[in-house]
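J.: Provide a 3D model corresponding to the input given below.
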Amino acid sequence: MSHSKEQKFGILIFLVPAVFLFLAFFLFPICYVAVMSFFDWNGISAPTFTGLGNYAKIFSDQVFWRSIRNNVIWAVTSVIVQVSLATIMALILSKKPKCWKFFRTVYFLPQVISGVALAAMWSAVYNSEYGLLNGFLEMIGLGDLANNWLGNPKTAFICVLVYGLFYIGYYMTIIMAGITNVSEDYYEAAKIDGATPIQVDLYITLPLILGSIQTCVTLAAVFGLRTFEQIYMLTNGGPSNRTSVVVLYLYNQMRNNKYGLANASSVALIIVGAVVIVAIRTIFAKISKKHS
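T.: The predicted model follows:
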């Protein structure tokens, strides 16, 4: 009995630092932001309680709703395109075709490069005067299609969105790790039964790596909701706020010393993120139940 108490005490000792860090750097800041979202504060003078005034202001702001819409579009397309491509590439590379290690490295390479550096590179690609995209169109005889890609309200958000969709290496690595944990017994049994490679992927591999796919879907959705540096570097929310996202919106509120509005925007983003995560967990729980 005393040995059990010693074990529990040791576990508690090791948990205390982690719990302290969680409370100090996660839970307390969230609670503080939630409380301060009910105050009007410029960062200098004393806060003034306004109740739901800050929420009324942001919910009546069309830029805020456009930012929410852009974030949702970004999250949904990231899940559909990035995770789907990552899953396909992971299934292919897990079979270890020729040069599979080379392609695995190539797909993962963008993940080790700074997001700011990548944004600067894509800014050069889309540049209306010397950009590679317009230069390529001129080279193949489609110069009439040359455009001010990031300055045109009709193409700006699409271009920023496309830039972020093809960086699939992070999710591909997670899914490949899930595939390597699948027992070979399943594949041997399927081979004996005469299953084709596609049938093996559809009815054995994918159901057994649902946990990895759920992780990737959750991460893709969260990254889509909190995206910032790509938008900031490429368009800064322009033209005419067409590419604005919530983090950029609250950043601009902070720059204007409207910390109450920034805090309210943060709370709204946290709520949207929580709803999305719960929805993803519910959907995958139903899928897992169906395959069990």
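
J.: how about the helices in the stretch 1-150 of the chain?
T.: 2-22, 28-36, 53-59, 62-77, 84-94, 100-108, 115-126, 132-139 (DSSP state H, counting those that start in this stretch).

J.: Format the ones you listed as TSV; extra columns: mean pLDDT and distance to Y171.
T.: Backbone N, C-alpha and C define where each C-beta goes, glycine included. Converted to TSV, the helices of the stretch 1-150 of the chain look like this (pLDDT from 0 to 100; distance: least, CB to CB, whole Å):
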stretch	mean pLDDT	distance to Y171
helix 2-22	80	26
helix 28-36	93	27
helix 53-59	95	32
helix 62-77	93	14
helix 84-94	92	4
helix 100-108	85	10
helix 115-126	86	16
helix 132-139	90	26
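
J.: Leaving out chain neighbours, which residue sits closest to V63?
T.: Distances taken as CB to CB, 6 or more residues apart in numbering place N241 nearest to V63, at 4.8 Å, with adjacent residues excluded.

J.: quick one, phi/psi of Y130?
T.: Dihedral angles of Y130 (phi, psi; degrees, to the nearest 10) stand at phi -130, psi 20.

J.: For it, which residues are in contact?
T.: A124 (CB atoms under 8 Å, 6 or more residues apart in numbering).

J.: Now do it against L150, distance only.
T.: Separation of Y130 from L150 (CB to CB, to the nearest Å): 13 Å.

J.: what does I231 give?
T.: In terms of CB to CB, I231 sits 11 Å off from L150.

J.: which residues are common contacts for these two?
T.: V160.

J.: ok, so what distance separates R226 from A146?
T.: With CB to CB as the criterion, R226 and A146 are 33 Å apart.

J.: can you check L248 too?
T.: 28 Å.

J.: give the contact list for the residue nearest the centre of the chain.
T.: Nearest to the geometric centre of the chain sits F223, at 1.7 Å (CA atoms, centre = their mean). When contacts are counted by CB under 8 Å, 6+ apart, F223 touches A75, S78.

J.: now do the one 4 residues further on
T.: For T227, the contacting residues are N71, W74, G164, V245, V247, by CB under 8 Å, 6+ apart.

J.: which of those residues tops the neighbour count?
T.: Neighbour counts for those (other CB atoms under 10 Å) peak at V245, which has 28 neighbours.

J.: Could you pull up phi and psi at it?
T.: Dihedral angles (degrees, to the nearest 10) for V245: phi -130, psi 170.

J.: Could you verify my assumption that A195 touches L202?
T.: No: if you go by CB atoms under 8 Å, A195 and L202 don't touch, sitting 9.5 Å apart.

J.: Who has more neighbours out of the two?
T.: Set A195 next to L202 and count neighbours by other CB under 10 Å: A195 wins out with 16 against 13.

J.: Find me the pLDDT at the more buried one, would you?
T.: You'll see A195 listed with a pLDDT of 86.

J.: same check, this time on the one 5 residues further on
T.: Note for V200: predicted pLDDT of 88.

J.: right, and G178 touches Q214 too?
T.: No: contact criterion CB under 8 Å: G178 and Q214 do not qualify, at 10.1 Å.

J.: more crowded one of these two?
T.: Counted by other CB under 10 Å, G178 and Q214 do not tie: G178 has more neighbours, with 21 against 18.

J.: Just give the nearest non-adjacent residue to the more buried one, would you?
T.: S212 (3.1 Å).

J.: Next secondary structure after the helix or strand encompassing the one you found?
T.: Taking DSSP states H and E as the definition, one finds S212 inside helix 210-225. Later in the chain than helix 210-225, the nearest helix or strand by DSSP H and E is helix 229-234.

J.: If we go by neighbour counts, what in that next one is buried?
T.: Q230, I231, Y232, M233, L234 (16 or more other CB atoms under 10 Å).

J.: Would you pull up how far it lies from the middle of the chain?
T.: 14 Å (CA atoms, centre = their mean, to the nearest Å).

J.: from what I can see N134 touches V125, true?
T.: No: judged on CB under 8 Å, N134 makes no contact with V125 at a distance of 9.3 Å.

J.: Of the two, give the one with the bigger neighbour count.
T.: More neighbours surround N134 than the other of N134 and V125, with 21 against 16 (other CB under 10 Å).

J.: Contact partners for that one?
T.: Counting by CB under 8 Å, 6+ apart, N134 touches N127, S128, G143, A146, N147, W149.
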